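**Q** predicted model and sequence follow; I will ask about them next.
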Amino acid sequence: MEHQKIQAGSVDELVLHAPAKLNLSLAVLDRRQDGFHEIESLMVPVSVSDQLHVRRAPAGVFSLEVTFAGKLGCDPGQSLARDVPDDGSNLVLRAARLLAERTNCDAGLTIRLNKHIPSGAGLGGGSSDAAATFLAAAKLWNLDWSLDQLATLSAELGSDIPWFFAGMAGVVGGRGEQVVPVEGIPAYDVVIACPSEGLSTAHVYAACKPEAHRRDEASSLATVLQSGLLRQALPLMHNSLQQPAQQLAPAVDQLLSDMVAADAFHPILTGSGSACFSLCRTTHEAKQLATSLEAAGWPYVVATRLVPG
């Protein structure tokens, strides 16, 4: 997992890469008594990642500096460089403070977050950054905590954060905290595109109708992909949140239409949006699709690869 490839400049500083994710399938099965939705999803890391420079600091000192790079650091992608607070509401600082409180640690952290992953896009950037922060803090503070312990604690901040500790493709269940790693998913080329308009996860879930009949589809999809049968996998690549996202954000509907017009291979929404993606059979096909979407004026388009682990 990228998170675990920690490059140490010194014992007091670490550099970590926090990868984005794609939901190759996402079924919203039911609404639970605790207010969360029960889901099943096949989630896979991709090679787009944020970078965190983390330094040990004196007790009580927690600071965050956010910068934008890559597609987010220049036009037209700068329109997506938004909604990343650098105060205590950011998941990164919340993760650091939570771990310090639970361990009674008398140290702090200063963090420089270099964002490559758009926010409000369903790519998991904030959750991935939080998971990386938990890992960095545990190492810099010399805590004797396992990955399982960190993942369990992280679920208090966000339902999908625990998956990022697995470091590979996995089927997630419950509200997102149950993770079953999956091996053997091919490292397909993929094109990810995102409109300028972001989406609220809460609003998209509120407009979603549960689809209990899709239970176990994520595991079935994983099995088909493990056999290298991409075309046969398409009927199982479904996102229960896609229709409400299209209704709430017309730009998502237009993006999916443009992807189909550019011969994208079964484009779908990832997470609660607003990013959409298409798996590609070849690198050449991915580059052609990305070029077409950029020509159509979409502000964030990247041709990358799955990193299944």
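**A** Arrived safely, thanks for sending.
**Q** could you look up the SS state of residue 16?
**A** strand (DSSP: H, G, I helix; E, B strand; the rest coil).
**Q** tell me the predicted confidence for residue 83.
**A** Model confidence at residue 83, given as pLDDT, is 68.
**Q** do you know how far residue 65 is from residue 93?
**A** Residue 65 sits 11 Å away from residue 93, going by Cβ to Cβ, to the nearest Å. Placement of C-beta: from N, CA and C, glycine included.
**Q** pLDDT (mean, whole number) over the helix ranked longest in the chain?
**A** Ranked by residue count under DSSP state H, the longest helix found in the chain is helix 125-140. When pLDDT is averaged along helix 125-140, the result is 97.
**Q** one more: stretch 201-212?
**A** For stretch 201-212, the mean confidence score works out to 93.
**Q** same check, this time on stretch 45-57
**A** On average, stretch 45-57 scores 97.
**Q** chain center to that stretch, what's the gap?
**A** 13 Å (Cα atoms, centre = their mean, to the nearest Å).
**Q** so where do the helices sit in the stretch 201-309 of the chain?
**A** 201-206, 217-226, 230-233, 242-248, 250-261, 283-295 (DSSP state H, counting those that start in this stretch).
**Q** tell me what the fourth one is packed against?
**A** The one in question is helix 242-248. helix 201-206, helix 250-261, strand 268-269 (3 or more Cβ pairs under 8 Å, 6 or more residues apart in numbering; DSSP states H and E).
**Q** now do the buried residues in it.
**A** 242, 244-246, 248 (16 or more other Cβ atoms under 10 Å).
**Q** list the neighbouring strands of the helix or strand harbouring residue 171 plus their orientation.
**A** Assigned by DSSP states H and E, residue 171 belongs to strand 170-173. Note on strand 170-173: by DSSP bridges, its sheet partners are strand 37-58 (antiparallel), strand 178-181 (antiparallel).
**Q** closest one to residue 190 among the ones you listed?
**A** Closest of the strands paired with strand 170-173 to residue 190 is strand 37-58, at 6.5 Å (criterion: Cβ to Cβ).
**Q** residues in contact with the helix or strand hosting residue 190?
**A** Using DSSP H and E, the element containing residue 190 is strand 189-194. The contact list for strand 189-194 (Cβ atoms under 8 Å, 6 or more residues apart in numbering) reads 20, 22, 46, 48, 80, 118, 121, 123, 255, 259, 264, 270, 274-283, 285-286, 289-290, 293, 298-306.
**Q** let me know the angle separating it from helix 250-261.
**A** Strand 189-194 and helix 250-261 meet at an angle of 150 degrees, taking axes from the mean of the first three to the mean of the last three Cα atoms, to 10 degrees as the criterion.
**Q** residue contacts, the residue nearest to the spatial centre of the chain?
**A** For the chain, residue 124 is the residue whose C-alpha lies nearest the centre (Cα atoms, centre = their mean; 2.3 Å). For residue 124, the contact set (Cβ under 8 Å, 6+ apart) comprises 20-21, 117, 160, 164, 271.
**Q** flag every buried residue along stretch 99-116.
**A** For stretch 99-116, by 16+ other Cβ under 10 Å, it's 99-100, 103, 105, 107-111, 113-116.
**Q** again, but for stretch 72-81
**A** 72, 77, 80-81.
**Q** hang on, the earlier thing: from residue 205, how far out is the residue nearest to the centre of the chain?
**A** Separation of residue 124 from residue 205 (Cβ to Cβ): 15 Å.
**Q** got it, and residue 68?
**A** Residue 68 is 27 Å from residue 205, by Cβ to Cβ.
**Q** just to revisit the earlier point, so which of the helices of the stretch 201-309 of the chain gets nearest residue 57?
**A** helix 201-206 (31.0 Å).
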